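In: Structure for the following, please:
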Amino acid sequence: MPFPPSARMPTWTCRRSLWWVARAPDKSSVLENFVGRDFLPRGSGIVTRRPLVLQLVNATTEYAEFLHCKGKKFTDFEEVRLEIEAETDRVTGSNKGISAVPINLRVYSPHVLNLTLVDLPGMTKVPVGDQPPDIEFQIRDMLMQFVTKENCLILAVSPANSDLANSDALKIAKEVDPQGQRTIGVITKLDLMDEGTDARDVLENKLLPLRRGYIGVVNRSQKDIDGKKDITAALAAERKFFLSHPSYRHLAERMGTPYLQKVLNQQLTNHIRDTLPGLRNKLQSQLLSIEKEVEEYKNFRPDDPSRKTKALLQMVQQFAVDFEKRIEGSGDQIDTYELSGGARINRIFHERFPFELVKMEFDEKELRREISYAIKNIHGIRTGLFTPDMAFETIVKKQVKKIREPCLKCVDMVISELINTVRQCTKKLQQYPHLREEMERIVTTHIREREGKTKDQVMLLIDIELAYMNTNHEDFIGFANAQQRSSQMNKKKAAGNQDEILVIRKSWLTINNIGIMKGGSKEYWFVLTAENLSWYKDDEEKEKKYMLPVDNLKLRDVEKGFMSSKHIFALFNTEQRNVYKDYRQLELACETQEEVDSWKASFLRAGVYPERVGDKEKASETEENGSDNFMHSMDPQLERQVETIRNLVDSYMAIVNKTIRDLMPKTIMHLMINNTKDFIHSELLANLYSCGDQNTLMEESAEQAQRRDEMLRMYHALKEALGIIGDINTTTISTPMPPPVDDSWLQVQSVPAGRRSPTSSPTPQRRAPAVPPARPGSRGPAPGPPPAGSALGGAPPVPSRPGASPDPFGPPPQVPSRPNRAPPGVPRTRLGLSKRHSATFRSPVPTPKSDQADETNEDSLQLEIQELKQKRDALDQEISQLVAEGYVVSELEDHISLLHEYNDIKDVGQMLMGKLASIRGVTTKELYPEFDLDVND
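Out: Here you go, the predicted model:
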């Protein structure tokens, strides 16, 4: 089935599909005409029992592929037919069962256009085989799953030799597509219409119009199929039929299977052009999102001998830049969730390290005891008159030695952060796992080497402080000032700080232990100053809950509770007093350990020091030795000497701490951090070259190679797709949507799934002809026309044949149908018709009397009307019984005489009722209120 080059379209894929709703033989024939091959199962009863998703792809060779048979090509289409039958039976069984699981078939052929079609099971009424009793509604639900999708076109296939207004395909299409934007009518069996009839008005979209119109096709007959008539000959016969038929000759270029394919392909083109702007924007955004990542891959050439050397040099340079940026804080990607790199090291220098120093704070009683022992031991057997210098130096050296531990701990914390920074920077080397591992090893080894030198330098700083006590330091108070300091501090404390109180820290904290009594911990806004700790209801600081003085407070860590994610610390009074109401300690909780460390550093500034390990044990030992009363037993002169040295030690240790806090960051920066940066810039590459084979170092991981290939493939696919979209815009022409038409002739009432169809016929109610048509059989003379304006409720009239020119002032054109003929036999037991009712149907309809008799004999008219009412009631009951058994009025074609009988009775009854009402001078509605008539006589 070759097509001219102008009919071929570029290959693309689109999500718009074509759903087929029709009777099974019609669908199969049209689909096979599209493909040009016999490949669909045929037989009696329901054959299509699973949806068939058929993708047609224009290609140079002809073959078929099933999704469930991956890799297998079918070149014999008889095997395709057998595989469809076998796959259907695998899911539904071999006894006419149905399933909504689709079969996916792709056909490649030079004789097809690019389309995606879905063949759906045909509507059925009576279950057979293993089909459930509600088979009709199951199939309807299955159809609705497909045809309700907005991105599909509906091909409503209807035979020309049946009542088009009763087409199931058109009714379903109308229900899901009321505007007619997705429905295309397909008329089959044009060659099987009765002589003297044609569907010209339908195909010209004049009769029963659709917005997208109708396309006529002629399929092979069963005789042609049995005679193995191929598709090419069938298409030629179809073309000949349209060219030779007098009613269709002028429509020949717009009829036939090839034209239907072109129309569908054009609709696919229209849909693609409509969706191109949104698709283009989506592709462009995807391209921009991966372009930066693909930048390093775009010029990748695996066969380049210098590629690995260049890549190694680039990786080392990039690592050096990333490491320096993370330390200096000028990186491209700033972490907004946690501290990293240089920020964490800065926190160690200025929060963690000072806190560790203050944790070494001396116990006041113990320090004074040591000073008194030192003074007495220096005097020996003599009683000293002056305060000895040696006592001061001895106590200071002992305190300076304690600084070694927090200094070494500071070095360890910085090393840990440096190694973590190195690991973060090598994440970009995931594509080269050997290089990443070797680079981490070399840099980490260098950091460990610098660790020893840095710690040696820190120990040297401590030894330098121990070597010489500079009592001439400008910040040192001296002996004279030390004696006066105690009294001055007491006076200052008594006077109080009248200046504005400096706020050290504000933040949210959770009071952990108090909330236990009240059903849960509670969060407050805390404000810390040099004198007190206050907390408020919220951060507006309007409603103060409590204010706690910081005098005699100390801080200790509290272990996290079971299933608790918060970090807790506690405040307690050194004099064993309650801190807050009846609580000996106030437990405060933070979300992270970093917040706890920051609060500890803030409390240090306020003079609240952490609890030293072993305070309680030492206190208990002191009590056992009876040393608590030592200060009370000192003589006044010794007490003054102890206080003087205590002030001197405090002043000198403040100088030492200040010096150490200043020199430690400088020492670590010089000996470790800056040295590591210089090593990475100048020596890392040389170490990598000397460590072994470069080819081994630059071996890519399998995952990274796969990712690179996928990224490059996606990048080029996006570029190609954007190019194709540009070509489509310039090489294709879209056709506008046809204007709306009046399709009110097709009345559809939605039926929810699982319920039976409404009793009213979907064929529209139309005005009957002026004279009721004669019915088959002898019923006496035809009744006269009913009086104007009267109504008794109308049944659907018998459709008339098309062909005659419609009268613009007459009734609307009727649906083409078969001529009146004997209905086919239907089992009477299924319909439940009794002999009595059958006899009632065939009783003659009384003919109206003459006008003169009617006017003079009202009793006679009433008697005739009463007889008609009885006959009408009998027919009403019979029709209701048929409907209750599952039929709708439109399906009673086999009992058309029943409908004709009913129609005649209404016509004659309506006329007689109007005459009687006229004689009595009243309206029909007043005379017969039980008919609920809206029309006056």
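In: List the buried residues of the helix or strand containing Asn377.
Out: Element membership of Asn377 [criterion: DSSP states H and E] is helix 364-379. By neighbour count on 16 or more other Cβ atoms under 10 Å, the buried set for helix 364-379 is 367-372, 374-376, 379. Yep, even glycine has a C-beta here, placed from its N, CA and C like the rest.
In: backbone phi and psi for Val186, please?
Out: Per-residue torsions, Val186: phi -120, psi 120 (degrees, to the nearest 10).
In: okay, now the domains of the protein?
Out: Here the domain parsing of the chain from automatic domain parsing is 12-276, 315-481+631-701, 485-598, 765-807+826-937.
In: ok, of the ones you listed, where does mean pLDDT dip lowest?
Out: Out of those, domain 765-807+826-937 stands lowest, with a mean of 52 (criterion: mean pLDDT).
In: Assign Ala570 to helix, strand or coil.
Out: Counting by DSSP: H, G, I helix; E, B strand; the rest coil, the backbone at Ala570 sits in strand.
In: And for Arg280, the neighbour number?
Out: 15 (other Cβ atoms under 10 Å).
In: ugh, typo on my part, it should be His670
Out: When neighbours are counted by other Cβ under 10 Å, His670 registers 12.
In: Relative to Gly122, how far out is the residue lying closest to Asp119 once chain neighbours are set aside?
Out: The shortest distance from Asp119 to any non-neighbouring residue, by Cβ to Cβ, 6 or more residues apart in numbering, is to Leu52 (4.1 Å). As judged by Cβ to Cβ, to the nearest Å, Leu52 and Gly122 stand 12 Å apart.
In: just Gln267 next, same as before
Out: Gln267 is 23 Å from Gly122, by Cβ to Cβ.
In: So which of these two has more stuff around it?
Out: Between Gln267 and Gly122, Gly122 has the larger neighbour count (other Cβ under 10 Å), namely 23 against 20.
In: these two touch, right, the more buried one and Ile46?
Out: Yes - Gly122 lies in contact with Ile46 (Cβ atoms under 8 Å); the separation is 6.5 Å.
In: Just grab the bridge partners of Val53 for me.
Out: For Val53, the beta-bridge partners are Asn104, Val118 (DSSP bridges).
In: residue contacts, it?
Out: Applying Cβ atoms under 8 Å, 6 or more residues apart in numbering, we find Val53 in contact with 17, 102-105, 116-118.
In: The same query, at a cut-off of 7 Å, please.
Out: Val53 makes contact with 102-105, 118, according to Cβ atoms under 7 Å, 6 or more residues apart in numbering.
In: ok, the residues you listed vs Gln870, which is closest?
Out: Nearest to Gln870, judged by Cβ to Cβ, of those is Val118 at 52.6 Å.
In: Next one: that closest one from Gly478, what distance?
Out: Distance, Val118 to Gly478, by Cβ to Cβ: 101 Å.
In: Tell me which of these two has more neighbours.
Out: Shown here are Val118 and Gly478; by other Cβ under 10 Å, Val118 has more neighbours (19 against 13).
In: Distance check, Ser167 against Val321.
Out: Per Cβ to Cβ, Ser167 is found 73 Å from Val321.
In: quick one: Gly607 is in a helix?
Out: No - Gly607 is assigned coil when assessed by three-state DSSP, not a helix.
In: That one contacts Asp551, doesn't it?
Out: No - Gly607 lies out of contact with Asp551 (Cβ atoms under 7 Å); the separation is 8.2 Å.
In: that older thread, the more surrounded of Ser167 and Val321?
Out: Neighbours were counted for Ser167 and for Val321 using other Cβ under 10 Å; Ser167 has more, 25 against 15.
In: residue contacts, that one?
Out: 156, 158.
In: State the distance from it to Asn219.
Out: For Ser167 relative to Asn219 (Cβ to Cβ), the value is 17 Å.
In: and what of Ser651?
Out: Going from Ser651 to Asn219 by Cβ to Cβ gives 112 Å.
In: quick one, which of the two is more surrounded?
Out: Asn219 (22 against 18).
In: quick one: the more buried one and Ile187 touch, right?
Out: No - Asn219 lies out of contact with Ile187 (Cβ under 7 Å); the separation is 11.1 Å.
In: any residues in contact with both of the two?
Out: Contacts common to Asn219 and Ile187, judged by Cβ under 7 Å, 6+ apart, are absent.
In: Double-check that Ile46 belongs to a strand.
Out: No - secondary structure of Ile46 (three-state DSSP): coil, not part of a strand.
In: give me the number of residues near it?
Out: 20.
In: which residues sit in contact with it?
Out: Applying Cβ under 7 Å, 6+ apart to Ile46 gives the contacts 24, 96, 121-122, 124.
In: which among those gets closest to Gly723?
Out: Distance to Gly723, by Cβ to Cβ, is smallest for Pro121 among the contacts of Ile46, at 41.3 Å.
In: for that closest one, helix, strand, or coil?
Out: With three-state DSSP as the criterion, Pro121 reads coil.
In: Assess the claim that it and Arg140 are in contact.
Out: No - look at Pro121 against Arg140 with Cβ under 7 Å: they stay out of range, at 10.1 Å.
In: Would you map the helices across the stretch 551-700 of the chain?
Out: 593-605, 615-625, 630-633, 636-668, 674-682, 684-690, 694-697 (DSSP state H, counting those that start in this stretch).
In: ok, now which ones touch the closest residue in space to Ala374 that isn't next to it in sequence?
Out: Distance criterion Cβ to Cβ, 6+ apart; nearest residue to Ala374, sequence neighbours excluded, is Ala391 at 4.1 Å. Applying Cβ under 7 Å, 6+ apart, we find Ala391 in contact with 371, 374-375, 378, 645.
In: Ala391 should be in a strand, yeah?
Out: No - the assignment for Ala391, made by three-state DSSP, is helix rather than a strand.
In: Quickly note the distance from it to Asn472.
Out: In this view, Ala391 and Asn472 are 19 Å apart by Cβ to Cβ.
In: That'll do, ta.
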